[in-house]
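A.B. asks: Sequence first, predicted model second:
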Amino acid sequence: MKRYSDLEYLKLSKGQKFLYKLESFFLAIPAAIGRFFLGIGRFFKKLGLGIGREFADLGKTFKEGDWKTRGSYLVMGLGSMARGQVLRGLMFLLFEAVFIVYMVLPQGGLFWLGKLDNLGDQGVHKVTENVFGQTVERVVYGDNSFRILLYGVLTIFFIIAFIYTWRLNIKQNKIAQDYERSGRHLSSGRDDLRALVDEQFYKTLLALPLTGILVFTVMPIVFMILVAFTNYDGTHDGLNNLFTWVGLDNFNTMLGWSSGGTSYSAAFGEILTWTLIWAFFATFTNYFLGMFVAMMINKKGIKLKKVWRTILVLTIAIPQFISLLYVGKMFAKNGLINLSLINLGWITPGNELPFWEDPTWARITVILVNIWIGIPYLMLIATGILMNIPADLYESSRIDGANAWQQYTKITLPYMLFITGPYLLTSFIGNMNNFNVIYLLTGGAPTNAALSTAAGSVGHTDLLITWLFKITMGAESKYNMASVVGILVFAISAIISLVVYSVLPSIKNEEDFQ
Amino acid sequence: MNNENTVMENGQVRLKRHMGLKASNTIANTIIYIILIVMSVIWLLPFVFIVLQSFRCESTWQVGYVVPQQWGLDNYINLWKSDFKKWYLNTFIIALVVAVLQTIIVLCMSYTLSRFRFKMRSTLMRLMLILGMFPGMLTMIILYRVLKDLGLTQANAVPGLILVYIASSGMGYYVSKGFFDTIPKSLDEAARVDGATRAQVLTKIILPLAKPIVIYTVLTAFMGPWGDFVFARYVSFGTSAGMNVAVGMYNWLNLDQIGARYTMFCAGGVIVAIPVAVLFMCLQKYYVEGVTGGAVKG
Amino acid sequence: MKKILALLLVLAMVFSLAACGGGSKKGTGYDITVWVPELAVELTKQQIADFNSSNEYGINFNATVEPVSEADAATNMITDVEAGGDIFFFAQDQFARLVQAGALNKLGAEAAATVSAANDPGVVQAATSGSELYAYPLTSDNGYFMYYDKSVIPEEDVDSLEALIADCEAAGRYFSFEVQSSAWYIASWFFATGCVSEWTTGDDGSFISVKDTFDSPEGLISVKGMKKLVDSPIHLSSSKGTEFGSGAAVVITGIWDYETVKGILGDNMGVTDLPSFEVDGQSYHLGSFNGCKLLGVKPQQDAERGAALHLLAQYLTGEKAQMERFEKLSWGPSNSADQASDAVQANPGLAALFKQAPYSVPQGQIHGSWWDIGKVIGDDVKDATDEAGLQAALDNYYDKISSLFTMTEEEKTAWGVIGTVEGTNWDTDFPMEAAGDNVFKSAEINLFAGNEFKVRQGASWDVNYGADGSLNGPNVVVEEDGLYVVTLTITDEGATGTITLEKVGEPTAEAPVVEKTEEELNAWGVVGSFLDSNWGDKDYPMTEISDGVFESGVLELKAGDELKCRQGGGWDVNYGINGAGGDNLVVEEDGTYVVVLDIAAEAISIKPAEHSWGVVGSMTGWGEQADFPMVEVSEGVFESEAIDLAEGDELKVRQDSAWDVNYGTNGPGGDNLKVEAAGSYIVVLDIAAESISIKEA
């Protein structure tokens, strides 16, 4: 493709400019993907080098270290304590003690790690007894695959944390030793504490939030990724029937790479297509209509601005499970809307509008209802931004004879797009995973006969996320397949984000705004 | 109209355009009013219907009309007699605690990422962006099991839910970080020069300026728990005492209960919606400031 | 910060470990959780209180009764069995899932006997998997029939689908029949034309096979009928009684909607059986499922608690409790005595259900996926434009049903070790991997002395090797505890497969404790290469006929079959022809035999079986009661004693109370003999003439 210089570009007609932009966008995609993989390569190279450096440094520190430093290789915090940093040293020591105790406890780290390779081998067994004149089977539970996997993962996390802390302890020693040698003052426990509200205040601030994220977000995600490689489902619940590793079987089934699994892959393809269509329309209808409504309300001379806004934001204020469930029922074949139309004589019984019965109608209806739910939010955002656009821009354009449409396309829209670019992306991804709207409105209906698999029925309005839910709660409780869907959703979201991020002209420079 | 005007003399153009503008403005405004009124009707009707249904006494199931034939408070009285008040209290406690703690966490997180430049900062932000792309629905099963091992499910679902809501709330720092980014850094620096510690800068300088975003965060945190029925259903796991309103009321729409509970569902909806909606309306101004200050930058 | 983070992580973990455990029991009092549908909560509390005050063992339950919908119970239980209700109500379609997931505690012999005796047989079958009862029947009303608005539908139209549709169209009212989202209702059309979908389950609740004839010429008639309804603009795919409140004139639903519909329609409510539809001039009466609700007991770790729960379950499903539920909630009882009571017979809803009964099919065990596969037929039928489209809908259905049982090529050719290995009992294949041409190796497996196994292909017995390397050879018996790798080497183009055991170490797990009851340990059985015994797959039981003399049942043995007798299903105590631990008995001639073990004589022997002949027929419930015995009066001629027969009774003569050999009027396997006039008759079998006849006594 021909690259234009700035000047040449300006000479192009509108259509050409648009085509040029579009072309550049798509041509940039391969490069962006390429950069992504190069980035991965660089990351691993850096990682390898980094690890090598760490080992070299460990050796060097040991060689050059005094007894305090060397002792710290075995007893964490020894060096710190010996050098008078008692608080720091005690923390290290305590951590090591807790780690060791945890690992060797009868049901501790080593126990779980040892079972991780096949997720348990001793299933439940039953003993028959006779009590109260009744023959009863008493169960004696053996291993629990779920717990093994869960605590196995936790233990691995813990080990990583330990290695990191151990390494930190050695680094500290090295620094302290250097300080001692050059006669500089070592920070005391009080200094350490003070730093936590000052120079290192960020550590204090982040400690709690990050711990929460680590335990309640990262760990579950790692766990669920692992589940995708097991046969964890309704018939292998991990307690009564142990589950175990199955390699890539689930992925093969989902993506149609194995002979048995065409139904999953066909369903996945269709649902993905609709998910993307839905995300596109849900995002952009809301975006433009929301902006439009905001502009109407903001227009000079429109009274009761606050009242209009208040009415519209009702849909944000009222919990969705109430409003959406109710609205969903309104659109039913014998719902309020059809019955009212019949009462008005506009349609006759038997010719009701098939809001939820016809696939195309259903898809359009969910998008329309989503507008009802989504516009107010965009309206609020747009209101704020529109008020920030310098008024003199409009004033001068008016003097230049621009009409309202021109003002919109030349000033308002570019300004909005510039500021909300990242927001658009987030909301696209958010809409791909918009569980509430679909689940509460249609539950995926109408059913797509051709795609329904043994694991559950698939509807024409199902998104990947509602499908995932159905697979989990369906007749076979296929947690493993749900995990596969989840991982694929993640992969798709990530690819879209990466491409958009690297193709959009530098989205923003963080520091510009401060 | 433009082309016509340009051929005329300057003064005339002004005048004519002014008059034309006025006329077209009135037309435009009328159209806008009409659109806004139609929209308001569409936006309000479902809620009006829900309110009307909640006062219907002649039957408890879904019917094809909206205006009750027999008005009364039966549904609200039945609501009071059911477990609803327990669920309501649960939800209220959750919402209140989450509103406070989540705000603290989100503010810590966003302030730090906005103001500090430390080694792992960009890695951290990128990591959280990536984590955010995993569908949260997937982790419900495991979170449920973790809570169960901590003894925080079923009857103890309230603290369990609070824990989970709060624990991952650090991920939602984008909006308020965007807001903090708009507060000039020079303010911090001036205070630092005067000898204030970082902690003092936060509490004395930044927080007072961040009132809109604080209120925005409190508001969204407070509203969230009212609508969660998927995860909350897992955690309460068939124990009425641990349910929140969404789970409890969602169960009413089951096949075997919908006939007897439909109008109660509407009444419950009204009671749930009122405090949330009123609170939202009162604090709307801050919400708008928070959204526009933060969301667009996140 | 890192330190704090790490510390918190540790605390979280230590805390979580400490928090494990549970169980609550005080004296003979137990804290239990009971899951019932919301409407039944109050009544159930009352009934548990009644049980507490009336039971003879002083059991006292402190029950938390939670409202959990019957539809959610299985999903919840499977998510987390440990946290599930100790006793829970559930709909029948979830039974197989629950058994498979191990969420149901088997009924003991006493409880099973009580339940079988008190409830109607179809319902008992619904709670049975393999040969064991796993749940208590709670109702027998999970079927559907027709509710209609008398002000719209004239009485004379209720039997014809076409007339009903016409009435609804004329009145602009809906005909509500959930055929677009529920296989349960869709099946109605197929049962109308005699199609079946019958599934077989094994003891672990898994499905073994299916006989499904929906995709057939009859099935095509069914969907043609269905198309009439779904194509009508007034069809509404719903089964909610509340639809009467918003425009419906006909709703096909069940007894649970009785009060709701009554509330909406009042005196205009009509209830009756389902209508008939007409295709090609022939009329078909719509069928229905006849299902039930069941009550399950969760497996317990404490036997006493489990026994107490089973007693409570028996009370809650007993005659009195079911009657109370009928009176308060209009749940139709499964208890035979309750069913016969006047009050139940007089209930209009149940009367409609009874009226529909001749056209209904007992809902047996059905594969969980069937509900999802079947429910799309309605949509497919609606979308179809011609007969080919309808046929395609059936084909699509059939493909999906059959795919539930097919294996991939890979699975079909994979080899596995199966036996009493690592706690399994001939039900799990331990996979083997190829380690060269025609050589397959297992992973490391713990094997203990006395464990037995074979190697088979494709998880089926079509191709399998045993100890001597031959196809279908005897089991390999492990002699020494250890951690082994099993290797299979196939030679002679598959004629032999040598199994070798390579010990790689000491066992890594404790020997599994095989729990056998005293009874099982003392029981004698015949085992060998005959039938499907396979030297241990199955021991054919023997009964003690006199002191120290045991006889097996009648066995069909072939020349060359070998067998022995052993005690307790193990080889510790066994007899051959020449005493304890002796040689196998070899059968010389094909025939039916009884195996005899004489412990005093330390010998086993076989003797040709003597057959007994008996009369079976409608007067014995076709086998429900014992056959009337016959005696040989002359060579090849058998006669019964005088039997009182009613007009219209039908009968046959069969051998050994089984259907393998039987005679009708026109020879072996022939037609039933019909009794023309009531009277006392003697039934005669003439084997030479290959016929049966009756003569007046």
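C.D. replies: Cool, got the structure. Numbers count the residues shown, from 1 in each chain, chains lettered A, B, ... in the order given.
A.B. asks: contacting residues for the residue in chain B positioned nearest to chain A?
C.D. replies: Minimum separation of chain B from chain A (Cβ to the nearest Cβ) falls at B:Thr292, amounting to 2.0 Å. For glycine as for every other residue, the C-beta is placed from the backbone atoms N, C-alpha and C. Contacts for B:Thr292 (Cβ atoms under 8 Å, 6 or more residues apart in numbering or on different chains) come out as A:380-381, A:383-385, A:387-388.
A.B. asks: how does it look with 10 Å?
C.D. replies: Shown in contact with B:Thr292 (Cβ atoms under 10 Å, 6 or more residues apart in numbering or on different chains): A:380-388, A:419, B:178-179, B:212.
A.B. asks: Strands of the stretch 301-450 of chain C, start to end?
C.D. replies: Using DSSP state E, counting those that start in this stretch, the strands of the stretch 301-450 of chain C run over residues C:360-362, C:415-419, C:430-434, C:439-447.
A.B. asks: and the residue of chain B closest to chain A, that one's in a helix?
C.D. replies: Yes. Assessed with DSSP: H, G, I helix; E, B strand; the rest coil, B:Thr292 lies in a helix.
A.B. asks: Tell me, how many residues neighbour the residue of chain A found nearest chain B?
C.D. replies: Going by Cβ to the nearest Cβ, chain B is nearest to A:Gly384 of chain A, at 2.0 Å. A count of neighbours around A:Gly384, defined by other Cβ atoms under 10 Å in any protein chain shown, yields 20.
A.B. asks: where does C:Lys320 land on pLDDT?
C.D. replies: In this model, C:Lys320 is scored at 90, pLDDT.
A.B. asks: Over to C:Tyr185?
C.D. replies: We have a pLDDT of 92 for C:Tyr185.
A.B. asks: just B:Val38 next, same as before
C.D. replies: pLDDT, B:Val38: 93.
A.B. asks: Next one: it from A:Trp308, what distance?
C.D. replies: Distance of B:Val38 to A:Trp308, computed by Cβ to Cβ, to the nearest Å: 12 Å.
A.B. asks: can you check B:Ile93 too?
C.D. replies: Counting by Cβ to Cβ, the separation of B:Ile93 from A:Trp308 is 35 Å.
A.B. asks: which one of these two has more residues nearby?
C.D. replies: A:Trp308 (22 against 16).
A.B. asks: Which elements pack onto the host helix or strand of that one?
C.D. replies: Taking DSSP states H and E as the criterion, A:Trp308 maps to helix A:305-312. The criterion is 3 or more Cβ pairs under 10 Å, 6 or more residues apart in numbering or on different chains; DSSP states H and E, and the helices and strands that helix A:305-312 contacts are helix A:262-298, helix A:359-388, helix B:10-54, helix B:255-282, helix B:284-290.
A.B. asks: tell me which residues in that helix are buried?
C.D. replies: Neighbour-count burial for helix A:305-312, counted by 16 or more other Cβ atoms under 10 Å in any protein chain shown, picks out A:308-312.
A.B. asks: Repeat that for stretch B:163-183.
C.D. replies: With burial defined by 16+ other Cβ under 10 Å, the residues of stretch B:163-183 counted as buried are B:163-181, B:183.
A.B. asks: Please apply the same query to stretch B:276-290.
C.D. replies: Across stretch B:276-290, burial judged by 16+ other Cβ under 10 Å covers B:276-277, B:279-281, B:283-284, B:286-290.
A.B. asks: Go back to those residues and keep what's next to chain A.
C.D. replies: Counting by Cβ under 10 Å from any Cβ of the partner chain, B:276-277, B:279-281, B:284, B:287-290 from the buried residues of stretch B:276-290 sit close to chain A.
A.B. asks: which element is the residue nearest to B:Ile162 when sequence neighbours are not counted on?
C.D. replies: The shortest distance from B:Ile162 to any non-neighbouring residue, by Cβ to Cβ, 6 or more residues apart in numbering or on different chains, is to B:Val97 (5.2 Å). Following DSSP H and E, one finds B:Val97 within helix B:84-115.
A.B. asks: Tell me which helix or strand comes right after that helix.
C.D. replies: Helices and strands here follow DSSP H and E; after helix B:84-115, the next one along the chain is helix B:121-131.
A.B. asks: can you tell if that next one touches chain C?
C.D. replies: No. Against chain C, helix B:121-131 shows no contacts by Cβ under 10 Å from any Cβ, the least distance being 12.0 Å.
A.B. asks: Then stretch A:483-500?
C.D. replies: No. Legend: contact between stretch A:483-500 and chain C by Cβ under 10 Å from any Cβ is lacking; minimum distance shown is 14.9 Å.
A.B. asks: Buried residues, that stretch. List them.
C.D. replies: So stretch A:483-500, judged by 16+ other Cβ under 10 Å, has buried residues A:483-490, A:492-494, A:496-497, A:499-500.
A.B. asks: what is the rounded mean pLDDT of that stretch?
C.D. replies: For stretch A:483-500, mean pLDDT is 88.
A.B. asks: same deal with stretch A:425-443?
C.D. replies: Across stretch A:425-443, pLDDT averages out at 88.
A.B. asks: Does chain B have contacts with it?
C.D. replies: Yes. Using Cβ under 10 Å from any Cβ, stretch A:425-443 comes into contact with chain B via A:426-427, A:429-430, A:432-433, A:435-436, A:439-440.
A.B. asks: my guess is A:Ala266 meets A:Val458, correct?
C.D. replies: Yes. Taking contacts as Cβ atoms under 10 Å, A:Ala266 lies within contact range of A:Val458: 9.4 Å.
A.B. asks: Neighbour count for those two, which is higher?
C.D. replies: More crowded of A:Ala266 and A:Val458, by other Cβ under 10 Å: A:Val458, with 26 against 15.
A.B. asks: Report the contact partners of C:Ser529.
C.D. replies: So C:Ser529 contacts C:466, C:472-474, C:535, C:557-558, C:560-563, C:584, C:586-587 (Cβ under 10 Å, 6+ apart).
A.B. asks: typo on my end, C:Arg456
C.D. replies: Contact analysis of C:Arg456 by Cβ under 10 Å, 6+ apart lists C:414-419, C:429, C:462-466, C:472, C:488, C:497.
A.B. asks: Is it possible to mark the buried ones in those residues?
C.D. replies: The neighbour-count test (16+ other Cβ under 10 Å) marks C:414-419, C:429, C:463-466, C:488, C:497 as buried among those.
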